[in-house]
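Visitor: Dropping the sequence and predicted coords here.
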Amino acid sequence: MSTITTRDGTNIFYKDWGPRGATPIVFHHGWPLSADDWDNQMLFFLAKGYRVIAHDRRGHGRSTQTSEGHEMDTYAADVAALTDALDLKGAVHIGHSTGGGEAAHYVARAKPGRVSKLIMVGAVPPVMVKSAKNPGGLPIEVFDNMRTALAANRAQFYIDVPTGPFYGFNRPGAKIVQGLIDNWWRQGMMGAANAHYECIKAFSETDFTDDLKQITVPTLVAHGTEDQIVPIADSALLAVKLLKHGTLKTYEGLPHGMLSTHPEKLNPDLLAFIKS
């Protein structure tokens, strides 16, 4: 099992497939999942000749279940430790949901030459929670309710989320894919309850505005119009305006988990942006 060890002794698990001399693509998973959530995309890009890398965030998947560090500064530092250990140059970073925030936070701080492009899919930036500065955000009660449900019965909560809003399976006429629900639950239950609990604050309250303004690499912002987890109006539509070289791609009627429900639509678009 491949791991790197961070300064505080945390072991970060990662997958690293493909030719070492090929363009590296680094995938950042969403809450409360793992690198496994990217299997479809990793196989797709591997077949196209890319080097594909995905890690489990600390407290998630197979990485160390730590007591501390469940916030964006440490998440980004962990990514930096991984990219340094692998000496990645000109990498494309792709982040989904919370992973989109993590990727943006890292890219804004990355060493020169490490990053060539950024892709954020259904991502949380600029900031999710409602405030005087962000009147279109979601009320803090939404995230308080998530914490309450997680603490009360995490196993049931991790069935309810993918069965309902995450993949849009609660919409009339939706084609329910049981394997996606089961795999979401499996990935979630691999991780640590404390890490997942604290990560809710990290993805909902972190303000990525300055990160987005500092990013200079070409960035694709992809979002489904029927995203019930990260509503598009207060995320992608605002984020793209803050980026120096941002491109917005919207997907009519697609849900938060569209990378898994509609990879045949997403993957070619990601490839086209990377090759552009």
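Guide: Done, it's in.
Visitor: Could you find the closest non-adjacent residue to the residue most central in space within the chain?
Guide: The centre of the chain sits closest to G99, judged by Cα atoms, centre = their mean, with a distance of 2.1 Å. For G99, the nearest residue in space outside its immediate sequence neighbours is H28; the separation is 3.2 Å by Cβ to Cβ, 6 or more residues apart in numbering. Using the backbone N, CA and C atoms, a C-beta is placed for each residue, glycine as well.
Visitor: the helices in the protein, which residues?
Guide: Taking DSSP state H as the test, the helices found in the chain are 39-47, 72-86, 98-107, 140-161, 178-190, 193-205, 209-214, 236-242, 258-261, 263-275.
Visitor: could the ones you listed be laid out in CSV, adding distance to V92 and mean pLDDT?
Guide: Rendered in CSV, the data for these read as follows (distance: least, Cβ to Cβ, whole Å; pLDDT from 0 to 100):
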stretch, distance to V92, mean pLDDT
helix 39-47, 9, 98
helix 72-86, 12, 98
helix 98-107, 10, 98
helix 140-161, 28, 98
helix 178-190, 23, 98
helix 193-205, 22, 98
helix 209-214, 17, 98
helix 236-242, 18, 98
helix 258-261, 15, 98
helix 263-275, 5, 98
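Visitor: And these: which comes nearest F169?
Guide: If you check each of these against F169 by Cβ to Cβ, helix 178-190 wins as the nearest, at 7.5 Å.
Visitor: Only C-alpha atoms, please: export that closest one in CSV.
Guide: Listed in CSV are the C-alpha atoms of helix 178-190, where the atom choice follows Å, rounded to 0.1, in the frame of the first residue of the first chain:
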residue,chain,number,x,y,z
GLN,A,178,-27.7,0.6,-6.1
GLY,A,179,-24.0,0.0,-6.6
LEU,A,180,-23.3,3.7,-6.4
ILE,A,181,-25.3,3.9,-3.1
ASP,A,182,-23.5,0.9,-1.6
ASN,A,183,-20.1,2.2,-2.7
TRP,A,184,-20.7,5.6,-1.2
TRP,A,185,-21.6,3.9,2.1
ARG,A,186,-18.6,1.7,1.9
GLN,A,187,-16.2,4.6,1.3
GLY,A,188,-17.8,6.7,4.0
MET,A,189,-17.7,4.0,6.7
MET,A,190,-14.0,3.4,6.0
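Visitor: And that helix, how far out from the chain middle?
Guide: In terms of Cα atoms, centre = their mean, to the nearest Å, the centre of helix 178-190 is found 16 Å from the chain centre.
Visitor: Now do G90: how many residues are near it, please.
Guide: Close neighbours of G90, defined as other Cβ atoms under 10 Å, add up to 12.
Visitor: Next: Y167.
Guide: Neighbours of Y167 (other Cβ under 10 Å): 26.
Visitor: Which residue is the nearest non-sequential neighbour of it?
Guide: Distances taken as Cβ to Cβ, 6+ apart put G257 closest to Y167, at 4.3 Å, once the chain neighbours are dropped.
Visitor: Noted, bye for now.
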